[in-house]
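# below is the sequence, then the predicted model.
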Amino acid sequence: MAAGNSFFGFVRGFEFRDSESIMEIIKCSLSEYYTKSLILDLYKTWPEAFIVYDNYDSVIGFIIGAKYSGTEGRILLFAVKKQFRRSGVGQNLLSRELRVMSGAGLSTVRLEVRTDNESGIKFYKNNGFSIISTLKNYYSDLSDAYLMWKII
């Protein structure tokens with residue numbers, strides 16, 4: 001089996017049939033509103049960087065990356081269904097995303113995370129990300145975000 005597989009699922013590229021599952025995960029996991037058309041546009045921008053975790057029944061997590069600059073990638077959206085968090089799904093998704101970015105010649109990656117998302121911040125720190133600044137009123141509800149960054 002390919003790297004990123006586990007006993008209850010596997011990492012693979014996004015397919016259009018995954019759209020409804022992705023939208024449900026977004027609705028339940030992320031506080032911002034995203035349209036299906038935006039998600040599909042992100043896929044078209046860099047298909048290799050739109051990765052899902054499939055548990056043989058449905059998609060239970062996903063990550064979407066983008067090329068931010070010639071050398072820097074950006075994690076745009078990343079979520080795992082609540083009941084599958086802390087099970088290795090997010091770790092598998094992030095690891096694959098970083099390999100895709102590195103393989104595309106990118107040397108750093110950035111992301112934004114809510115300042116009150118303690119588990120997310122801990123996850124990213126455990127994966128080598130550092131907080132480099134606070135983005136005031138970043139989200140639609142005017143919550144702040146941390147900008148986090150990592151050399152890959």
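Arrived safely.
# distance check, the nearest residue to Met101 once chain neighbours are set aside against Asn92.
Nearest in space to Met101, with sequence neighbours left out and distances taken as CB to CB, 6 or more residues apart in numbering, is Gly73 at 3.9 Å. For glycine as for every other residue, the C-beta is placed from the backbone atoms N, C-alpha and C. Noted for Gly73: a distance of 18 Å to Asn92, by CB to CB, to the nearest Å.
# helix/strand/coil for Glu97?
With DSSP: H, G, I helix; E, B strand; the rest coil as the basis, Glu97 sits in helix.
# what about it, how many residues close to it?
Neighbourhood size, Glu97 [other CB atoms under 10 Å]: 24.
# check contacts around it.
Neighbouring residues of Glu97 by CB atoms under 8 Å, 6 or more residues apart in numbering: 49, 51, 63, 65, 75.
# can I get the residues you listed in JSON lines including distance to Leu147, pLDDT and neighbour count?
Shown next, in JSON lines, are the contacts of Glu97 (distance: CB to CB, whole Å; pLDDT from 0 to 100; neighbours: other CB atoms under 10 Å):
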{"residue": "Ala49", "distance to Leu147": "19", "pLDDT": "98", "neighbour count": "25"}
{"residue": "Ile51", "distance to Leu147": "22", "pLDDT": "98", "neighbour count": "25"}
{"residue": "Ile63", "distance to Leu147": "18", "pLDDT": "98", "neighbour count": "27"}
{"residue": "Gly65", "distance to Leu147": "16", "pLDDT": "98", "neighbour count": "28"}
{"residue": "Ile75", "distance to Leu147": "11", "pLDDT": "98", "neighbour count": "25"}
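# what is the burial count for the residue nearest to Ser102 when sequence neighbours are not counted?
The shortest distance from Ser102 to any non-neighbouring residue, by CB to CB, 6+ apart, is to Ile152 (5.0 Å). Neighbours of Ile152 under the rule other CB under 10 Å: 14.
# how close does Ile152 sit to Leu142?
Relative to Leu142, Ile152 is positioned 31 Å away (CB to CB).
# and what of Ser37?
Ser37 sits 25 Å away from Leu142 when distances are taken as CB to CB.
# over to Arg99?
In terms of CB to CB, Arg99 sits 35 Å off from Leu142.
# neighbour count: those two, which is higher?
More crowded of Arg99 and Leu142, by other CB under 10 Å: Arg99, with 14 against 8.
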